[in-house]
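> quick one, structure for this:
(one chain, ligands or ions: 2)
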Amino acid sequence: MSELTYEYCCDCGCETGKAGRGEDSIYCDLCDSGPFCEECFDKHRCTQELQKELAAARAEADALKWFTETLIGLTQVRRVLLNQGIIDSRIDLGVELSELMPLIVAAHTKHTARKGEEE
Ligand SMILES: [Zn+2]
Ligand SMILES: [Zn+2]
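Ligands and ions are numbered 1, 2, ... in the order given. Below you'll find the model as predicted:
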């Protein structure tokens, strides 16, 4: 028996260059599939989707933070407009945050891009 165990990528079948689980083999923590060669693991759907979700969540969090800061300003403006009788307090947006979220993210992306250009 050879000491070296060659393992093959579960995706493309090429040698992974690693030697079995417990060594530095690459298995997916999410779906437990593997072993993968590095190339296939990069392309593995689980990690990609997780990264996409993480990036989206991060973008939403950033956008929400920015939007909240903007809202504080808007609330002040709104109060002035109310006090001046320019707008009615009954005005209601009537939209869900989930509907607004893509718009907020898009606005934030534009805002960040604009800021980047100024710097
Ligand atoms: Zn592979
Ligand atoms: Zn997976």
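
> tell me the mean pLDDT for stretch 48-56?
For stretch 48-56, mean pLDDT is 85.

> only alpha carbons, please: show it as CSV.
C-alpha atoms of stretch 48-56 as CSV (Å, rounded to 0.1, in the frame of the first residue of the first chain):
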residue,chain,number,x,y,z
GLN,A,48,-20.9,31.2,-5.1
GLU,A,49,-24.4,31.5,-3.9
LEU,A,50,-23.3,32.2,-0.4
GLN,A,51,-20.9,34.9,-1.5
LYS,A,52,-23.6,36.4,-3.6
GLU,A,53,-26.0,36.4,-0.6
LEU,A,54,-23.3,37.8,1.6
ALA,A,55,-22.5,40.6,-0.9
ALA,A,56,-26.2,41.3,-1.3
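
> what about the helices in the chain?
Taking DSSP state H as the criterion, the chain carries its helices at 38-43, 45-83, 97-118.

> so what secondary structure elements neighbour the longest one?
In this case it means helix 45-83. On a contact count with 3 or more Cβ pairs under 8 Å, 6 or more residues apart in numbering; DSSP states H and E, helix 45-83 meets helix 97-118. (Glycine included, C-beta is placed from N, CA and C.)

> what comes up buried for the helix it packs on?
101, 104-105, 108 (16 or more other Cβ atoms under 10 Å).

> now it: mean pLDDT?
82.

> counting contacts, what elements does that helix pack onto?
Short answer (3+ Cβ pairs under 8 Å, 6+ apart): helix 97-118 packs on helix 45-83.

> close to ligand 2, is the helix it packs on?
Yes: contact between helix 45-83 and ligand 2, assessed by Cβ under 5 Å from the ion, occurs at Cys46.

> next, the angle helix 97-118 makes with that helix.
90 degrees (axes from the mean of the first three to the mean of the last three Cα atoms, to 10 degrees).

> could you list the buried residues of helix 45-83?
So for helix 45-83, counting by 16+ other Cβ under 10 Å, buried means 47, 59-60, 63-64, 66-67.

> stretch 50-63: how far from the chain's middle?
2 Å (Cα atoms, centre = their mean, to the nearest Å).

> thanks a lot, see you next time.
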